[in-house]
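Asks: Requesting a structural model of the entry that follows:
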Amino acid sequence: MSRFPMLRAGCAVTALCLAMPALAQTTPTPDAGDAGDQGAYHDAQANIVVTAIIPRKQGDILSGTSVITGQKLTRELRSTIGETLARQPGVSATSFGPNASRPVLRGFQGERVRILTDGIGSFDVSNTSVDHAVAINPLTADRIEVLRGPAALLYGSSAIGGVVNVIDSRIPRRVPDEPVHIDAIGTYGSASNERTGSGEIEVPLSDKFVVHFDGSYTKTGNLDTGSYILTPALRAQAAASGDPEIEGLSTLRGKLPNSAAETWEVAGGAALITDGGNLGFSVAHTDNFYGVPVRYATEAGGEAEQVRLHMKQDRVDMRAELPVNGSLLESIRFRAGFADYQHQEIEDTGAVGTTFYNQSMESRLELVQAKRGGWDGAVGAQYFTRKFYVVGEEKFLPRNQTDQIGVFTLQSIDLGTTRVEVGGRFEHTDVSADADATLFNPSYDRSFDTVSGSIGASHELAPGWRLGLNLSRTERAPSAEELFARGNHAGTQAFQVGNPNFGKEKSWGVEGTLRGQGEGYTISLSAYHNWFSGYIYDALVDDSACMAVNGGAELDFPCYQYNQADARYLGFEAETTVKLAQVGGYAINFDGVADYVRATIKGNGPAPRIPPLRLLGGLEAQGDRLSLRGEVEHSFAQNRTAVRETDTDGFTLVNASLSWKPLKGNDRTTLTLSANNIFDVEARRAASFLKDYAPLPGRDIRLTARLSI
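Replies: Below is the predicted model of the structure:
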């Protein structure tokens with residue numbers, strides 16, 4: 001039972017009441033930027049970041065941001081949100097095989113990165129373990145926004161690393177001009193024999209009411225890596241094992257075993273849209289059946305399981321907005337969602353070993369202030385609840401519940417050449433766990449009050465150039481997984497141990513930004529430094545640490561223990577675009593990205609799974625209907641590793657793409673041919689838990705057709 005039932009009921013009733021005046025209003029006349037083609041609308045607004053609560057131009061936000069939409073999104077689109085974003089500045093991916101890849105922002109992953117759909121959580125268990133896929137389908141995205149740094153804290157104290165917000169049209173935002181609006185996309189990828197189809201239809205039933213339907217299907221085979229599956233060190237161990245079956249692993253290459261997948265999703269939504277506000281809802285069902293690459297044993301007696309996961313989610317969402325246009329408030333926005341999630345971990349015998357159940361609900365109310373002179377802002381409240389439990393022989397968590405309520409504000413003052421912003425968030429979190437004799441776990445009930453805030457300013461140095469500085473203080477409550485984990489998890493082949501006595505994680509942070517633009521160029525630089533006290537991390541330790549909480553029994557898997565210590569994170573991101581020349585009808589553009597993270601845990605050394613320095617440069621000939629692009633990405637070796645963590649070799653990927661818009665005047669209908677990792681090099685991400693056993697895709701020829709009418 002929720003600890004905040006009155007708040008949940010009150011938010012729902014408030015939203016419905018706020019939306020009622022919309023029934024009596026008339027439909028606004030769309031302007032040129034608000035046409036029926038939603039994709040065109042979003043492309044026109046590509047430099048506006050709506051995730052910032054108060055919509056801002058990208059250059060005005062006091063932290064690193066990325067917006068991916070239009071042709072760029074089509075080119076980067078992959079079946080997971082992690083791989084879709086992996087080329088953005090400050091972003092890597094967990095890359096637990098091709099089917100479970102979550103974004104890594106500034107070296108942070110798991111609990112410290114929130115993945116949202118239209119401002120509300122994904123309601124899955126992808127934060128629990130890297131083998132669990134995110135239940136958000138990037139195929140449905142109109143745009144994806146990435147906020148890194150303190151601006152993300154407006155979506156939860158756990159978002160110190162950042163926020164990824166996938167924005168779709170599942171709940172329509174406007175009434176199309178045409179009788180039927182259709183968007184569709186189809187992709188073939190050679191590396192995994194990927195076949196993807198996705199489509200959505202919007203139909204205006206009146207000048208105020210719109211219905212939406214969408215569906216997608218993806219099927220892949222085992223991923224072709226083009227290289228050896230195991231690293232040289234593991235191949236040498238396998239070759240020296242003396243066991244003929246294990247020795248065969250030393251020459252295993254090409255296809256990544258147990259990495260095939262089949263995914264489908266269907267959804268429907270409707271919205272009432274008037275000049276007095278809007279009210280809409282959507283329902284969706286997701287089914288994802290995928291394999292987890294094998295963590296092979298290279299010594300006799302070790303276990304290596306071929307686990308497959310079958311994930312299902314039923315989800316309901318609601319959105320309402322009421323323009324107030326008063327002297328105090330400009331608008332009131334409400335967003336809520338609920339999902340019933342489960343996945344089964346299926347052993348190589350076909351038996352269900354473990355089942356995860358998760359029921360989550362989140363609601364969010366935002367009061368956007370009317371602009372008064374140079375002052376604007378927003379205040380709001382957010383509520384989240386999660387009931388999570390695991391059933392089966394490899395249960396590693398007791399039945400637990402998390403209830404969280406937060407209030408937040410963002411205030412901004414524009415003084416002409418200088419803009420000042422102040423943000424704050426208070427959050428109360430209750431985390432409880434039932435007693436569980438099989439896990440040697442008594443009952444627990446922990447409560448945390450956290451306060452986070454930031455203050456920053458940006459100053460216009462010259463027309464088009466702004467220098468910014470932001471100071472933040474954050475607090476985060478530990479998650480149920482960090483507190484209560486104590487058991488085997490077959491998906492990651494790890495015995496995980498939490499600590500129910502953890503305190504709050506606290507940090508100070510400073511970030512500087514420099515952004516400039518002019519005729520034919522843009523540049524964006526961000527540098528940051530975070531000082532943590534009580535930083536929570538997991539580390540590979542001696543088995544004895546886990547045997548003590550396992551009744552003294554021997555372990556099936558290596559021991560990973562959560563610990564708490566002081567830590568330091570520092571790094572930078574740089575991004576630039578330059579128009580080099582105009583050749584006939586083609587603009588010759590260069591774009592580049594560089595990012596770096598250095599993370600240290602006091603008394604323990606480097607933090608685990610930190611991405612190394614990366615450089616990426618692209619050259620593009622861009623015309624009205626035809627564009628040709630080539631790019632090179634170099635990831636340096638990561639030799640600064642945690643205790644018992646292996647080094648990661650550097651690699652260089654060369655990619656190319658050709659995009660054509662076959663219909664004159666229709667920029668959203670495109671045909672894209674791309675070749676990725678052209679030279680079939682072996683590549684492994686340092687941020688991946690499974691890097692030594694699962695390289696990235698080899699050469700991948702992709703053909704993507706996108707239709708919008």
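Asks: only C-alpha atoms for contact and neighbour calcs from this point on.
Replies: Will do.
Asks: Pull the number of nearby residues for residue 232.
Replies: Neighbour count for residue 232, taken as other CA atoms under 10 Å: 12.
Asks: whoops, I mixed them up, residue 163
Replies: The number of residues packed near residue 163 is 30, by other CA under 10 Å.
Asks: so it makes contact with residue 154?
Replies: No: taking contacts as CA atoms under 8 Å, residue 163 lies outside contact range of residue 154: 9.6 Å.
Asks: which residues does the closest residue in space to residue 706 that isn't next to it in sequence bridge with?
Replies: Closest residue to residue 706 apart from its sequence neighbours, by CA to CA, 6 or more residues apart in numbering: residue 185 at 4.4 Å. The bridge-partner assignment for residue 185, based on DSSP bridges, gives residue 198, residue 706.
Asks: Against the centre of this protein, work out the most remote residue.
Replies: In the chain, counting by CA atoms, centre = their mean, residue 242 sits farthest out from the average C-alpha position, at 43.1 Å.
Asks: tally of neighbours for residue 604?
Replies: 13.
Asks: cool, and residue 416?
Replies: With other CA under 10 Å as criterion, residue 416 counts 9.
Asks: That one: which element?
Replies: Counting by DSSP states H and E, there is no helix or strand that carries residue 416.
Asks: Check it and give its pLDDT.
Replies: Residue 416 is assigned 91 on the pLDDT scale.
Asks: I'd like to know how far it sits from residue 196.
Replies: Applying CA to CA, to the nearest Å, the value for residue 416 to residue 196 is 49 Å.
Asks: do the same with residue 157
Replies: 36 Å.
Asks: residue boundaries of the helices in the chain?
Replies: In the chain, the helices defined using DSSP state H lie at 5-19, 38-44, 70-76, 81-85, 232-239, 244-247, 480-484, 543-547.
Asks: tell me the strands in the stretch 601-709 of the chain, going along the chain?
Replies: 605-606, 614-622, 626-635, 651-660, 670-676, 700-708 (DSSP state E, counting those that start in this stretch).
Asks: And these: which comes nearest residue 103?
Replies: In terms of CA to CA, the element of those nearest to residue 103 is strand 614-622, at 15.7 Å.
Asks: ok, residue 157 and residue 196, which is more surrounded?
Replies: A count of neighbours by other CA under 10 Å puts residue 157 above the other of residue 157 and residue 196, at 26 against 22.
Asks: For the strands of the stretch 601-709 of the chain, could you give me JSON lines that also reports mean pLDDT?
Replies: Formatted as JSON lines, the strands of the stretch 601-709 of the chain follow (pLDDT from 0 to 100):
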{"stretch": "strand 605-606", "mean pLDDT": "94"}
{"stretch": "strand 614-622", "mean pLDDT": "97"}
{"stretch": "strand 626-635", "mean pLDDT": "97"}
{"stretch": "strand 651-660", "mean pLDDT": "97"}
{"stretch": "strand 670-676", "mean pLDDT": "96"}
{"stretch": "strand 700-708", "mean pLDDT": "95"}
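Asks: Same list (the ones you listed) but as TSV, adding mean neighbour count.
Replies: As requested, the strands of the stretch 601-709 of the chain are arranged in TSV below (neighbours: other CA atoms under 10 Å):
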stretch	mean neighbour count
strand 605-606	18
strand 614-622	20
strand 626-635	18
strand 651-660	19
strand 670-676	21
strand 700-708	20
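Asks: Pipe those into a markdown table and attach distance to residue 390 per row.
Replies: Shown next, in a markdown table, are these (distance: least, CA to CA, whole Å):
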| stretch | distance to residue 390 |
| --- | --- |
| strand 605-606 | 32 |
| strand 614-622 | 38 |
| strand 626-635 | 38 |
| strand 651-660 | 39 |
| strand 670-676 | 39 |
| strand 700-708 | 37 |
